[in-house]
Structure formats: structure tokens, C-alpha cells
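>>> structure for the following, please:
(chains A and B)
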Number of protein chains: 2
Amino acid sequence: MRATILHAPGDVRLEEVPDPTLVRPTDAIVRVTASCVCGSDLWPYRGINRVDKPRRIGHEFVGIVEEVGDEVTSVRPGQFVIAPFRFSCGRCAHCRNGVQTSCVLGGDGWGGRDGDGEWTPGCQGDVMRVPYADATLVATPEVPDEDLLPSMLALSDVMATGWHCAVSAGVQEGETVVVVGDGAVGLSAVLSAARMGAGRVVAMSRHEPRQDIARRFGATDVVAERGEEGAERILELTDGVGADRVLECVGTGESMTQAFDSARPGGTVGFVGVPHGVEVPVGRMFRHNVALAGGVAPVRHYLEQLRDDVLAGEIEPGLVFDLTLPLAEVAEAYRAMDERRAIKVMLTP
Amino acid sequence: MRATILHAPGDVRLEEVPDPTLVRPTDAIVRVTASCVCGSDLWPYRGINRVDKPRRIGHEFVGIVEEVGDEVTSVRPGQFVIAPFRFSCGRCAHCRNGVQTSCVLGGDGWGGRDGDGEWTPGCQGDVMRVPYADATLVATPEVPDEDLLPSMLALSDVMATGWHCAVSAGVQEGETVVVVGDGAVGLSAVLSAARMGAGRVVAMSRHEPRQDIARRFGATDVVAERGEEGAERILELTDGVGADRVLECVGTGESMTQAFDSARPGGTVGFVGVPHGVEVPVGRMFRHNVALAGGVAPVRHYLEQLRDDVLAGEIEPGLVFDLTLPLAEVAEAYRAMDERRAIKVMLTP
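Next up, the predicted model:
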């Protein structure tokens, strides 16, 4: 089988590797129907996160179950499944609390060790071994039509992450919500806030194609300005009060500042961008009772609900994929994401 | 009349000052029945906050209305009133949102300018001018019995602050709550969590008299250890999971670390201690979805409800006052608080 290997910053290659096999009776083997490149894959690709040695990469995929271990009961060969970007056991206290990303058996996640010490590959490849398959995978009643593939794939990470941001921020019906970040997660956060009934959803974006998707996802306003000017525009739009909820979907110091600059006293900043160089303004939070909530999204917690929403045609999160490439062109997929030529790239076999 | 003036760190004196008068038609004049010394008064008293020049101090009081301006309609002379530790207009968006501490007319608070530029004294004295009296003050139906005075006074700050901490953390029935800090606010947070139906309330305290009050307030467990040992004890008590909600009622770097060390993934740290040297562990919050929520308590938002709870005998927050002194001995009150000989001192005329 083929798999994507990150050798060094800027250097991804598709190479031949052995097929995975069932290691434990709770495993499943899944043939990848579609995977994608994540904004967080760009951190090592850009050398911002260290790359010590070549490694398999990728953590978002959907596919068809090929084989299951003896103890797997919730999925069977032939089923279409969505895999969250972290696997989880489903039994520990954290899983039961809906924080599957803190699962005691979560190990390093895809591309690292699982909780039992077995290495689990990254998913930008042909076939995957899935640990704790019963708890990790979510199947659809039938293999969905091909036109639903992008939206199903979006649930494995970005859509569920945007949703988590809105849930964490506590978005309520009628509220004013500002979304910082116009990447696939930011756009998904726009869709989430709109679906939760926000009265006003302000997308902060300077890029026309992304603004267009934001509007299709339910943004009522678009603010192209950033920094202090951006904050002033938000204040203008909110009669000087600030937004009830701000969804921070980038993870840089600038974006977090933008988020706090946009929130009203008593409001909440939801955050789902992996923090890089973020200092939390605790004095300001204190003075104005602005809360900060969020983190790495427990996708699994939301997956059944979002799957049903996609199947019912209520949401179409797959619109964030503006480029589809065959796996053979994975290096170009990374370049397109890195150079912001694409919002998000879907990889098909 | 007499008033307390902080001249320099460690130097508080009771001095003769002119009586206040009505300045605007929205003012009230209130004779102070009881006031107290706050943990936050100790910051300038200890020289940790700068003291540039002598200033009137104190921000917690209850009293009897003596006179009201022409536009005041909700309180009248002779009524017993509770004053929150911040005044507020009741009309701006922040007041309507229940964040009266961010009121656009809140100015510097007691002891500083109000939102219209008028100086407003600190309250450790005989008589107060209260701006925006309709929105600021909360009256009781009748002048309460003297034995209710401590509990009514506690509502002006510490009880409502502990309550705000528990509200901000989102304490739910049946949850495990850890309270960091055994000062008057921490103890009030214990009472609040218990009243909200927490299944388990763990008070972190090394001081026996404070442990006793914590138990009377509903603590089910007391942990005397601190730092890493304290965190280990919390993990032991929670089967290695951590607490659902942690109420941080101190404001130091150590106490915030203790709070985050005690929270489970997906949990929330509520915080109401004025932050001094606090760095928020944003990477850890992200990895384990621990939220941080709270701030300076909008006492006014909770005051009617807590007043009714006191009148109904449901709560007795006044137990935090373990020393009562006449105003003439205000210097001793500060010393007793500073040296931790008293949890909280009530000052009576």
C-alpha cells in the first residue's frame, strides 16, 4: 500500500509501505476512501513543530471497513465509517464525560503509539489499522452517495472542531457571534453558530472565496479588517458592546488578541486553534468576566449527531474542500495548503 | 463624621471628614450600619498595590437610607439596604447583561470617581454617598434583626463573589467541586457549591477554624495538603479523574496552578481572586479542554436572590465574620486580617 511520509519540513512523499494487519481483537482495518490535509499538519511541514525523523502523517479519514477483530461488534466489513482525528476507548471516565480526546488509551493519536503501546499509522494512505474500533468509528446506515463524501470527511475534524468551538463558547439562540479565522475550521464555526441559532454571525475574513463560503454557511456580516481596526469594526457592529461569543479558530497570539478584543464583558471566547505563542490576558478576563473555553475537539462526542445532520441535508460542511487531488499528488496538496491556494484539500485514492 | 484613610502601607487611621451630601438627583445618602475589611484591601495595605497618596478605603457595607435625590424611586429613607462592592447604572448594555461590574458609569468604584466624574468615598466610615442609588442598592422589606446583619453584609461582596465563582464554573447538581482558598470568599464558594447541589465539595484548607466553617457550609471533604501533594490528594479522591469544577478564590500563581492541577479534562476552573502573578496554562487548557471563567463578581446581579435566601434562613454566609470591632478600632481590624488572626472582620459604628 501507499502512505504519505513527512521526511523533513517541506518534504512529503508518497511511498510503498506494508499493509496494516489486525493487532488486537478490538482493531479494525479500514480502506481509506478519502483523507485530507489539516492546518495542523502544516506546523511540522513548515518546520514550526520539530520533525526529528521521517513519519507517517494524517489524522482525518473516512473509509470502508475491510476486516474487524473478534471483539468488534459495532462495525462490520463493508460499512462506511467516519474516523475522528483521535481514537478513544469509550470506557474510561473521560470518554464517558464526552472528552474522548483525553481518553486514557488515546496515546499519541494517529501516527504515534496507541494506549496499549502499538504504533498506529497516519492516515494519508491506502489502508488504516484502527484501534478500539467499536468506540472510535461511527458508521453510516448505508454507504453514502459520493457527493456526500466531502461532508462526511469534514466531520472527522474541521466541522466537529468548529462545532466544539461554538459549544464551548456556549452560543445561544439570538446571540452575536464573531468568528476569528477563515480556514476550514473557522468556516465550520460559522456554520455551527448559524445552525445553533445565533442572531448574527460575523466572519472575519479578507479572502473573497472564503467570505463566499462563510456567507453560504450563514454569516450575516463579513469584516475584512484585522487587529485594532477589526476590533473597532466589531464594536461598531455591536453598538460599542462587543460580541456575546467569539470563536477563535487560528491559535496565534494575534488571533487570540483579536478574539478578546471582540468579546463583550460577560462573553466567552471559544478556542480550538492549537495555541502557538498565545498569552492569555487574565487581568482583562477578570476585569470584564470574559471566559475562555475550548480545546482539542472531542469529535467522537458530536459525530453521530453531525452525521445525521449531513444525511438529512441540514448542513453541508464539505463545501470547505475547494480542491480534490489523488493521493499520488499529496505533495502538491501540502503546497496548495501551505501557500493558501486551497482552503482544504481532499485526497482520494 | 469619621472615615478610614489609608495613608501608606500598614498605616490606616480613622479621621474626621465632612459629611457627604446629595450631589445628583440619582444619589442616596446611607448611614453605614456595618462595613468590613476585604482581602483585596490588604493588597494596598501590604504595599503590593501602590499607595500614592492618602485615600478613603472600603467597599462593602450595609446601612439605613437617610436621604434620597429627587429621581430616586426604589429606596426611601429609613430602609435597610445592601450595597454591592461596585455601583452601577442599571441601564447600560452591560448592566442589562448582568455584568454590572462593567457598567459604563461604574467609574473607579467606591473610593474613586463615579461614571459622572464625582468622587465617591470608601465606605469604612459613618455615612456614604451612593451614586445611581436605584440601580445600586437593594433594600430589604423590613429592617432585619441584628443577628442577620453579618449575613446581609457578607452579600455585599464575599458571599456573592463565592456564588459568582460557582456560577461561572457552571456547578451542576451531583458534581465534584474543589475549592482553592479558605478565606471568606473560598468559604462562601463552598457554601455556594453545596447550595447548588454539588455531590461532593472539597475544601482545601490547613486551618482548623476555617475547616470547621467549611464543613458547616457543606464541605464533604477537607484537604490540608497543598501543591503537588494537594493535587495528588484530589486525584485520589476522584479515582484519578480530577474534579468537575474547581473554584479558585485566591488569585496567586500558586493557587491557579493548584486549581488547574485539580480539574478533570472537560472541567472548568471558576476564578474570582484578583489575579496577581498568574500565568494561564493555555496549552494545558487546550489539551484537556479545561475552561477558565469568572472575574470580578457582578454582585448586584445576584443580590435579590441571595437576600431572599438569607431572609428565608436558607444560607448563613455571615459565619465568615469571626471578629467584630467598633469602627474606632479599624487599624486593629486590618492588623488582624493581615496577620490572619481573623478570617473577616465586621466593623460596626
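
>>> say whether chain B is contacted by stretch A:181-188.
No. Looking at stretch A:181-188 against chain B by Cβ under 8 Å from any Cβ of the partner chain, there are no contacts, and the closest approach is 13.5 Å. The way it works is simple: take the backbone N, C-alpha and C, and place the C-beta from them, glycine included.

>>> hmm, who's touching that stretch?
By Cβ atoms under 8 Å, 6 or more residues apart in numbering or on different chains, the surrounding residues in contact with stretch A:181-188 are A:39, A:154, A:158-159, A:161-163, A:165, A:179-180, A:189, A:203-207, A:210-211, A:213-214, A:217, A:247-250, A:255, A:272-273, A:317, A:319-321, A:343-344.

>>> what about that stretch, distance to the chain center?
Shown here is stretch A:181-188, whose average C-alpha point lies 9 Å from the average C-alpha point of the whole chain (Cα atoms, centre = their mean, to the nearest Å).

>>> what's the answer for stretch A:304-319, then?
The answer for stretch A:304-319 is 15 Å, by Cα atoms, centre = their mean.

>>> can you give me the first-to-last residue distance of that stretch?
Start and end residues of stretch A:304-319 are separated by 20 Å (Cα to Cα, to the nearest Å).

>>> quick check: mean pLDDT across that stretch?
The average pLDDT within stretch A:304-319 is 98.

>>> now do the buried residues in that stretch.
A:306, A:307, A:309, A:310, A:315, A:316, A:317, A:318, A:319 (16 or more other Cβ atoms under 10 Å in any protein chain shown).

>>> about what we covered before: generate a ChimeraX selection restricted to the buried entries among the contacts of stretch A:181-188.
To isolate the buried ones among the contacts of stretch A:181-188 in ChimeraX, judged by 16+ other Cβ under 10 Å, type:
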select /A:39,154,158,159,161,162,163,165,179,180,189,203,204,205,210,211,213,214,217,247,248,249,250,255,272,273,317,319,320,321,343,344
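
>>> just to revisit the earlier point, cross the buried residues of stretch A:304-319 against helices and list the overlap.
In helices, judged by DSSP state H, the following of those are found: A:306, A:307, A:309, A:310.

>>> what's the closest of those to chain B?
Within these, the smallest distance to chain B is 17.9 Å, found for residue A:306 (Cβ to the nearest Cβ).

>>> number of residues surrounding the closest residue to that closest one other than its chain neighbours?
Beyond its immediate neighbours in the sequence, the residue positioned closest to residue A:306 (Cβ to Cβ, 6 or more residues apart in numbering or on different chains) is residue A:155, lying 5.0 Å away. A total of 29 residues lie near residue A:155 under the criterion other Cβ atoms under 10 Å in any protein chain shown.

>>> now do the same contact list for residue A:155.
For residue A:155, counting by Cβ under 8 Å, 6+ apart, the contacting residues are A:82, A:299, A:303, A:306, A:307, A:310, A:317.

>>> distance of it relative to residue B:20?
To residue B:20, residue A:155 is 63 Å away according to Cβ to Cβ, to the nearest Å.

>>> phi, psi for the residue nearest to residue A:24 when sequence neighbours are not counted please.
Counting by Cβ to Cβ, 6+ apart, residue A:24 lies nearest to residue A:69, which is 6.1 Å off, once chain neighbours are set aside. Dihedral angles of residue A:69 (phi, psi; degrees, to the nearest 10) stand at phi -70, psi 170.

>>> touching, residue A:69 and residue A:133? I think so.
Yes. The pair residue A:69 and residue A:133 passes the contact test of Cβ atoms under 8 Å, sitting 7.1 Å apart.

>>> show the contacting residues for the residue nearest to residue A:83 when sequence neighbours are not counted.
For residue A:83, the nearest residue in space outside its immediate sequence neighbours is residue A:61; the separation is 5.4 Å by Cβ to Cβ, 6+ apart. Listed by Cβ under 8 Å, 6+ apart, the contact partners of residue A:61 are A:30, A:32, A:33, A:34, A:35, A:36, A:83, A:123, A:128, A:153, A:156.

>>> could you redo the last one with a cut-off of 6 Å?
Applying Cβ atoms under 6 Å, 6 or more residues apart in numbering or on different chains to residue A:61 gives the contacts A:32, A:35, A:83, A:123.
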